[in-house]
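**Q** Curious how this folds, go ahead:
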Amino acid sequence: MKQRLAVFLFAAMWVCGPALAAPFDNWAAVVVAGDWHSPDGMATAAFDNARRDLVKALEKLGFAAKNIQQYSAQPERDPATMPLNSDRREIEARFKELASQATGGCFVYFTSHGVPLGIRVGDAMVGVRPIADIVDAACPNRPTVIVMSSCYSGMFIPVLRGDNRMVFTAARADRTSFGCGSSNDYTFFDQCVLESLPKSTNFPGLAKETQGCVATREMTEGVTMPSEPQLYLGASATTTLPAFAPPAN
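**A** Predicted coordinates:
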């Protein structure tokens, strides 16, 4: 009788506890709001709003707060952020150190202004290759999700692509994205990412949902040259990226 009871208790412990680890609790994440200016030079909170609310969403997905680094071009407005400077190597060094401790996978999100072959990070326009260096240094051989939210961001895909990576961009390489004006709470793309998360159960699904959301928003706004967000999925990314429960509202 005692032996059967012991077997039952062991089985119950295996099924009911201890609680299984969340799929992202050992992932390293970096979220960068690269600028605070609108195209006409006025102030915009769109990039920082997206950074702040995306981090909250990641925590609801199971990312550990200690494994998320946040950067802002106005760090004095949010004590959770680190300052940007003109040297992207600081982000590279800090993220590499974080990824050496949180070894499950990597999540990288930049939201800012973009130009052909670059994205604004603080006071500098940073090229495609230096952004790729940030990812390559920290996450060379692990599942990685990279989201680049800027005009012309499709240009990042040929340099960032890899078998274990998903790369999602706000626009084609030859198209602008929209919604970074002084009156916008978010860019169109960032808002669609945030709105699509509760409808998604994995990152590829989030990308597809976001693409549809952006297309609908741009059509409503009368955009004649749609941004056409681009998705790249590496050969092994579909099987190595964890599924997730949508974050609660």
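
**Q** quick one: low-confidence ranges for the chain?
**A** 1-21, 86-87, 248-249 (pLDDT under 70).

**Q** Mind doing that once more with 80?
**A** 1-22, 85-87, 246-249 (pLDDT under 80).

**Q** Now do the helices in it.
**A** In the chain, the helices defined using DSSP state H lie at 2-16, 46-61, 89-101, 128-138, 157-160, 188-196, 203-220, 237-240.

**Q** Figure out which of the ones you listed is closest to C180.
**A** Of all the helices of the chain, helix 46-61 sits nearest to C180, with 5.1 Å by CB to CB. For glycine as for every other residue, the C-beta is placed from the backbone atoms N, C-alpha and C.

**Q** and the angle from that closest one to helix 203-220?
**A** Angle, helix 46-61 to helix 203-220, by axes from the mean of the first three to the mean of the last three CA atoms, to 10 degrees: 150 degrees.

**Q** buried residues in helix 46-61?
**A** Buried residues in helix 46-61, counted by 16 or more other CB atoms under 10 Å: 46-55, 57-61.

**Q** list the helices and strands it packs on?
**A** strand 27-33, strand 68-72, strand 105-111, helix 188-196 (3 or more CB pairs under 8 Å, 6 or more residues apart in numbering; DSSP states H and E).

**Q** which of these sits most buried?
**A** Burial of the helices and strands packed on helix 46-61 is given as mean neighbour count (mean count of other CB atoms under 10 Å); strand 27-33 ranks first at a mean of 27.

**Q** does the closest residue in space to S153 that isn't next to it in sequence have beta-bridge partners, and which?
**A** The shortest distance from S153 to any non-neighbouring residue, by CB to CB, 6 or more residues apart in numbering, is to T169 (3.8 Å). When assigned by DSSP bridges, T169 has beta-bridge partners M148, Q230.

**Q** is it true that T169 touches F156?
**A** Yes. Using CB atoms under 8 Å, T169 makes contact with F156 at a distance of 6.0 Å.

**Q** Give me the common contacts of the two.
**A** The contact sets of T169 and F156 overlap at M148 (CB atoms under 8 Å, 6 or more residues apart in numbering).

**Q** returning to what we had before: could you dump the helices and strands packed on helix 46-61 into JSON lines with distance to R217 added?
**A** Output for the helices and strands packed on helix 46-61, formatted as JSON lines (distance: least, CB to CB, whole Å):
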{"stretch": "strand 27-33", "distance to R217": "20"}
{"stretch": "strand 68-72", "distance to R217": "25"}
{"stretch": "strand 105-111", "distance to R217": "16"}
{"stretch": "helix 188-196", "distance to R217": "5"}
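
**Q** Select, out of the ones you listed, the one closest to R161.
**A** Using CB to CB, the helices and strands packed on helix 46-61 put strand 105-111 closest to R161, at 13.6 Å.

**Q** tell me the centre residue of the protein?
**A** Y109 (3.3 Å; CA atoms, centre = their mean).
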